[in-house]
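Undergrad: I'd like to go over a predicted model; first the sequence, then the structure.
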Amino acid sequence: MKWTSAILLTATCIGLHGAAALAADTPLPLRKAGKWEQKTVMEEGGKKHEQTLTICIDGDMERNTAVASDAEHKSSCTKYEVKKDGDKVVIDATCKMNGRDVESLTEMRGDFQNTFDVKISSTTSGFQDSQSISIKRVIEQQGKYLGESCGDLKAGEAMGTDGTKVMVQ
């Protein structure tokens, strides 16, 4: 589960919470509190990584994470547009993160009470070891609500299929 943290951070920061600007004209969905199954596929550099996690979502943590992420995006993005497009919410952003330029397009579908689908397409560019780099990444997530009780998981905790637990909120 080595790439778990990278996927969780990327998906959380750029996707669900990173897009959740509560003050935006278009309201963005927050996941219902409870136990969720989240399948993530990340494609980067021609390689695909897949992961399935069981996550315990706490309503207050979800809102607080969204508010903090909104503030971060407002301070680090030159473009941050949230709009409704048919049955999806679309976030178009141009940001500076860790000294690199990140252009992303996020599409969110579903009711976020029972299911959700999120697709994040991003390009990160900048310099690494005195060389110009450009990294294209596509992250797709599908979430399914499993119920109100999180069982052994604590609020903000996720568990991989191998039983490893990690805090995600």
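TA: Good, I have the coordinates.
Undergrad: what are the buried residues along the helix or strand where residue 75 lies?
TA: Using DSSP states H and E, the element containing residue 75 is helix 59-76. Under the neighbour-count criterion of 16 or more other CB atoms under 10 Å, helix 59-76 has 62, 65, 66, 69, 70, 73 buried. No exception for glycine: its C-beta is placed from N, CA and C like everyone else's.
Undergrad: now render these as a markdown table, adding distance to residue 135 and pLDDT.
TA: Formatted as a markdown table, the buried residues of helix 59-76 follow (distance: CB to CB, whole Å; pLDDT from 0 to 100):
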| residue | distance to residue 135 | pLDDT |
| --- | --- | --- |
| 62 | 28 | 90 |
| 65 | 25 | 85 |
| 66 | 26 | 81 |
| 69 | 21 | 79 |
| 70 | 25 | 78 |
| 73 | 20 | 81 |
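Undergrad: now for these: which two are most distant?
TA: 62 and 73 (16.4 Å; CB to CB).
Undergrad: got the contact list for the longest strand that the chain contains?
TA: Counting residues, the longest strand found in the chain (DSSP state E) is strand 131-147. The contact list for strand 131-147, computed with CB atoms under 8 Å, 6 or more residues apart in numbering, reads 7, 10-11, 14-16, 31-32, 34-45, 54, 110, 112-127.
Undergrad: how far out from the middle of the chain is it?
TA: Relative to its parent chain, strand 131-147 has a centroid offset of 7 Å by CA atoms, centre = their mean, to the nearest Å.
Undergrad: list the neighbouring strands of that strand plus their orientation.
TA: Partner strands and pairing direction for strand 131-147 (DSSP bridges) are strand 34-44 (antiparallel), strand 115-128 (antiparallel).
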